[in-house]
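Undergrad: Using only what follows, build the 3D model:
(one chain, ligands or ions: 2)
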Amino acid sequence: MLPSSLLQRLASWCPWLLRDEPKQPVKVLVTGAAGQIGYAIVAMIARGLMLGPDQPVVLHMLDLPKSTDALSGVRMELIDAALPLLRGVVATSDEAEAFRGVSFAVLIGGWPRKEGMQRKDLIANNVPIYQSQAFALQQHAAPNCKVLVVANPANTNALVLKELAPAVPAKNITCLTRLDHNRALGQISEKLGVHVGDVRNAIVWGNHSSTQFPDASHAIARTQHGEKPVRELIADEKWFKEEFVTVVQQRGEAVIKARKQSSSLSAASAACNHMRDWILGTPKGTWVSMGVCSDGSYGVPKGIFYSFPVTCEKGEWSIVQGEFLSLYQIGSNSSTTVLDMICLLFEVLRLMTSHDPRWSFRRMNSMKRGPWRISSSPALKAISRSLVYT
Ligand SMILES: NC(=O)C1=CN([C@@H]2O[C@H](COP(=O)(O)OP(=O)(O)OC[C@H]3O[C@@H](n4cnc5c(N)ncnc54)[C@H](O)[C@@H]3O)[C@@H](O)[C@H]2O)C=CC1
Ligand SMILES: O=C([O-])CC(=O)C(=O)O
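TA: Ligands and ions are numbered 1, 2, ... in the order given. Here you go, the predicted model:
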């Protein structure tokens, strides 16, 4: 190993000797790219906000055939924006072409909810999309493709992908709760009157739905007097337990009421944060919230998608272990009723067995080909378990 002083001298004499090789472009898929979030995120990705300022990208954009014109407009704008990191754009309505060779997939395609709807009301429309895309992911994406599901209900769609694409490692499939996490940081920063960049370590437990439990009680803020636990700075138990939790849980709905459309720029930005931290790592001493496949931590049933505090290093996430809070607290904040659960289960069973022939697990089993063959009961069981948290 050369001493660092010698290395520095070498670099000043002949800088080309030590310059890093330029990175090869990577293929990034965005589904629903003609929609609101898609339109916002493609430019963010091509500006390096997701994979870093030195990572060239080839964007693969998928949308429905009826959105072909809109998608070609997005493609034209990307070309017109003259983005230095953008090395190619594929705009297509063909799933196989869209997934071919992609190393990162941000799955946004699907219906958004409108005022008065719950996210779980999107199951009938959006879950079948993820059934079909699971096959495309498994068959066409790069072997270690990392997937972020944004479309709602995000946790359930991620679970459907995991169950129907068993060749894809479960750790490579995640769903977005970073928007809720960022909303939590935003609320704390407003309450304290500090910059949001000075607040870290909020936690969002559970589902990207009104049953989630946003937790500010372990957050840390940087003040003029150094770093302090937020609990010490806000001596207002009622705020932690009531106002903060309700505002974060209901923020999506509040935005829909105000805009008549669901959040898009904040969702696109959160999706970039999620992927960036996953791939490039979380800063030391900082955790973020990600919807990941539960390994049983904190008593959460194994195999369902659930938001935990995670740290990331070298492209791998791991759940932060600690004495944060009991599931009783999460459960006590859950608004899912037994009736909700029964209705949801009924809806998924109806979809799987009758409504859409592609949704029949029995039929898929009888196809008996390909690595996607699944046995009906574990998948059904896993999906129905996840609905408890939808
Ligand atoms: N997890 C989160 O934090 C958030 C999730 N969302 C969800 O993201 C999804 C997208 O939201 P927006 O962009 O606002 O909706 P949008 O309606 O503006 O765009 C959705 C796009 O998906 C396309 N699409 C539908 N089916 C498709 C398929 N099979 N393949 C490819 N594309 C398809 C549509 O044609 C449309 O262009 C919704 O489900 C919404 O609820 C929205 C905000 C935050
Ligand atoms: O609320 C919605 O339907 C959109 C969304 O997921 C959010 O803004 O968190």
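Undergrad: Would you quantify the distance from the residue of the stretch 101-250 of the chain found nearest ligand 1 to residue 58?
TA: As assessed by CB to the nearest ligand atom, ligand 1 sits closest to residue 109 within the stretch 101-250 of the chain, at 2.7 Å. Any C-beta I mention is one placed from the backbone N, CA and C, and that applies to glycine too. Residue 109 is 19 Å from residue 58, where distance means CB to CB, to the nearest Å.
Undergrad: Contact partners for the residue of the stretch 101-250 of the chain closest to ligand 1?
TA: Residue 109 sits next to 31, 32, 33, 35, 38, 62, 63, 64, 129, 133, 151 when contact means CB atoms under 8 Å, 6 or more residues apart in numbering.
Undergrad: Contacts only, for the first one.
TA: Taking CB under 8 Å, 6+ apart as the contact definition, residue 31 lies against 38, 62, 63, 98, 105, 106, 107, 108, 109, 133, 151.
Undergrad: you'd agree the last one is in a helix?
TA: The one in question is residue 151. No: counting by DSSP: H, G, I helix; E, B strand; the rest coil, one finds residue 151 to be coil, located in no helix.
Undergrad: residue contacts, it?
TA: Applying CB under 8 Å, 6+ apart to residue 151 gives the contacts 31, 32, 107, 108, 109, 110, 111, 122, 126, 129, 130, 157.
Undergrad: of all these, which two lie farthest apart?
TA: Using CB to CB, the contacts of residue 151 span at most 14.9 Å, a distance reached by 31 and 122.
Undergrad: and residue 22, helix, strand or coil?
TA: Residue 22 ends up coil, using three-state DSSP.
Undergrad: for it, what are its contacts?
TA: With contact taken as CB under 8 Å, 6+ apart, residue 22 is in contact with 54, 56.
Undergrad: quick one, phi psi at it?
TA: phi -60, psi 140 (degrees, to the nearest 10).
Undergrad: Can you give the domain ranges for the protein?
TA: 22-175, 178-334 (the TED database).
Undergrad: which stretch in those is the model least sure about?
TA: Mean pLDDT is lowest for domain 178-334 among the domains of the chain, at a mean of 92.
Undergrad: what's the offset of that one from the middle of its chain?
TA: With CA atoms, centre = their mean, to the nearest Å as the basis, domain 178-334 stands 13 Å off its chain's centre.
Undergrad: And the residue in the stretch 101-250 of the chain that ligand 2 sits nearest to, its phi and psi?
TA: Nearest residue of the stretch 101-250 of the chain to ligand 2: residue 113, at 4.2 Å (CB to the nearest ligand atom). Main-chain dihedrals, residue 113, degrees, to the nearest 10: phi -80, psi 160.
Undergrad: With residue 106 instead?
TA: According to degrees, to the nearest 10, residue 106 has phi -110, psi 110.
Undergrad: one step back: could you identify which of the domains of the chain is most buried?
TA: Using mean count of other CB atoms under 10 Å, the stretch among the domains of the chain with the largest mean neighbour count is domain 22-175, at a mean of 20.
Undergrad: Now do it: distance from first to last residue.
TA: One end of domain 22-175 sits 31 Å from the other (CA to CA, to the nearest Å).
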